[in-house]
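> A predicted structure for the sequence below; I have some questions about it.
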Amino acid sequence: MVRLLRPFGRVVTYTRWLHLFMAVVWPAMWMYIDDSWVFSSAVLLALAGLVPAMRVVEGMQARLLLTGHRPDGESMDIVVAPSSTWGDRGRTVLWLEARLVIGCCVSMLTVQLPVLALDLVAVARGGQQDDGGIVRLPGHHWWYAWVSPLPLFLLAAVVVGAGGLITRLARRLLGPSPAERLAALEERTEQLLERNRIARELHDSIGHALTVAVVQAGAARAACDPDFTDRALAAIEETGRAALEDLERVLGVLREAERPVSARPTLADADRLLESARASGAKVDAEVTGPLETLPGPVTREGYRILQEALTNVLRHAGAVPVRVRVHAADGALTLSVRNPLPGGETAQGRGSGLRGIRERAALLGGRARTGPDPAGDWQVHVELPVG
């Protein structure tokens, strides 16, 4: 019983009922002008459905009254957009005709079924049935009073059933076309890619800054040397300031979706990373060759992040060890290699999202990345990115 009554506790049940009533308002007014109002209404609705803007109006009504969603909300069940193809126009015409037919039936039953319930009670008590009822009651039987609630139960079933039917039709006839679904899927994919890119940016930038700060703070506490402590604090300050700049830039992109990404660090700023690693105790042997300033923007920016993540992994997992860095741009490719010994004979260095991010960055640019121990027992990150 509770399950049967549950739909009547939902607002959308009554807004769907209202939506069906609204479908017959102006056709009912047309009835006083033209005797063939049903045919005239159907023709006018067919012509109106061919107007592209009609799909917007019907979509807004359907979203608000049939699904309970805001008309301007993000929902692909029902589209609020002008008809762009004849297929969209044809589906809009079918929707208007179906809404008219179902609305007329529901509106008539909404009036006639309560009247039938009253007639059953009146006839059972010996009274007369009103003219115009949908059912003529033969005789005056006492049991008519006992069945008088049935029309009301039937009306409740009609309201719920017709509301569900019109909502399903709306999703089918006012829903997105295949082209619109593809466009929405592409937009969603772009959004997810952008979110993943921002997540990688924050992981690499903030993760590097925190790693440097932790390593420097630990080394300063262990050294008990005022001069070393001053240098460590200076390195922490510089790295933290750079991380704050990166964070502010990323947050700016999130706040202003149309704002172009600018001032992202490139491999021309690689010295900052190398000095940060040296200040954290790593013995960095770096060799940077080739015309880095002529590299395409995406390549040089992603190359910077890859180098940053590789050095962060060294500091986080290996500590103050010798690091061999090679960055070479030539022959239509950028080659980036970071190699360091594994402390204590370990066989793995990092299994988190950082290495996965390196491989993803390389794959997005059509390159390849290899991470893991080499035959000599060192850990290596080797990335090749196409330039042309």
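Great, that's in hand. As the structure is a prediction and not an experimental result, all values here were calculated from the model. Residues are numbered from 1 along each chain as shown.
> what comes up buried for the helix or strand containing Leu94?
Using DSSP states H and E, Leu94 sits within helix 86-124. By neighbour count on 16 or more other C-beta atoms under 10 Å, the buried set for helix 86-124 is 88-89, 91-100, 102-104, 106-107, 109-110, 112-113, 115-117, 119-120, 122-124. Glycine gets a C-beta too; all of them are placed from N, C-alpha and C.
> which elements pack onto it?
Helix 86-124 is packed against helix 11-22, helix 37-49, helix 52-62, helix 144-147, helix 149-173, with contacts defined by 3 or more C-beta pairs under 8 Å, 6 or more residues apart in numbering; DSSP states H and E.
> look up how far Leu45 lies from Ala23.
Ala23 is 9 Å from Leu45, where distance means C-beta to C-beta, to the nearest Å.
> what do you get for Cys104?
Going from Cys104 to Leu45 by C-beta to C-beta gives 12 Å.
> one more: Thr312?
Separation of Thr312 from Leu45 (C-beta to C-beta) stands at 65 Å.
> just give the nearest non-adjacent residue to the residue of the chain most remote from its centre, would you?
Distance from the C-alpha centroid of the chain, by C-alpha atoms, centre = their mean, peaks at Gly126 (64.6 Å). In space, and not counting its chain neighbours, Gly126 is closest to His140: 5.6 Å by C-beta to C-beta, 6 or more residues apart in numbering.
> quick test: name the residue nearest the centre of the protein.
A centroid search over the chain (C-alpha atoms, centre = their mean) returns Arg188, at 5.7 Å, as the residue closest to the centre.
> so where's the stretch 151-300 of the chain uncertain?
Along the stretch 151-300 of the chain, segments meeting pLDDT under 70 span 182-187, 189-194, 197, 200-201, 203-205, 208, 216, 219-223, 244-264.
> quick one: the strands in it?
Using DSSP state E, counting those that start in this stretch, the strands of the stretch 151-300 of the chain run over 283-289.
> and the end-to-end length of stretch 326-334?
Start and end residues of stretch 326-334 are separated by 10 Å (C-alpha to C-alpha, to the nearest Å).
> so what touches that stretch?
267, 270, 286-292, 294-295, 299-300, 303, 307, 335-338, 384-388 (C-beta atoms under 8 Å, 6 or more residues apart in numbering).
> which PyMOL command selects the buried ones in these?
The PyMOL selection below is limited to those of the contacts of stretch 326-334 classed as buried (16+ other C-beta under 10 Å):
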select buried, resi 267+270+286+288+290+292+295+299+300+303+307+335+336+337+338+384+385+387
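> just the ones in helices from the contacts of stretch 326-334, please.
Secondary structure of the contacts of stretch 326-334 is defined by DSSP state H; positions in helices are Ala270, Val299, Thr300, Gly303, Leu307.
> re the thing from before, so Thr312 and Leu45 - more neighbours on which side?
The neighbour comparison of Thr312 against Leu45 (other C-beta atoms under 10 Å) goes to Thr312, with 25 against 20.
> thought Cys287 was touching Val325?
Slight slip there: residue 287 is Glu, not Cys. Yes - using C-beta atoms under 8 Å, Glu287 makes contact with Val325 at a distance of 7.0 Å.
> helix/strand/coil for Gly126?
Under the three-state scheme (DSSP: H, G, I helix; E, B strand; the rest coil), the conformation of Gly126 reads as coil.
> separation between it and His141?
Counting by C-beta to C-beta, the gap from Gly126 to His141 is 11 Å.
> same thing with Asp227?
Relative to His141, Asp227 is positioned 109 Å away (C-beta to C-beta).
> of the two, which one has the most company?
Set side by side, Asp227 and His141 show more neighbours around His141, with 13 against 8, by other C-beta under 10 Å.
> contacting residues for the more buried one?
Val123, Ala124.
> that one in helix, strand or coil?
Secondary structure state of His141, per three-state DSSP, is coil.
> same deal with Leu137?
Criterion first, three-state DSSP; result for Leu137: coil.
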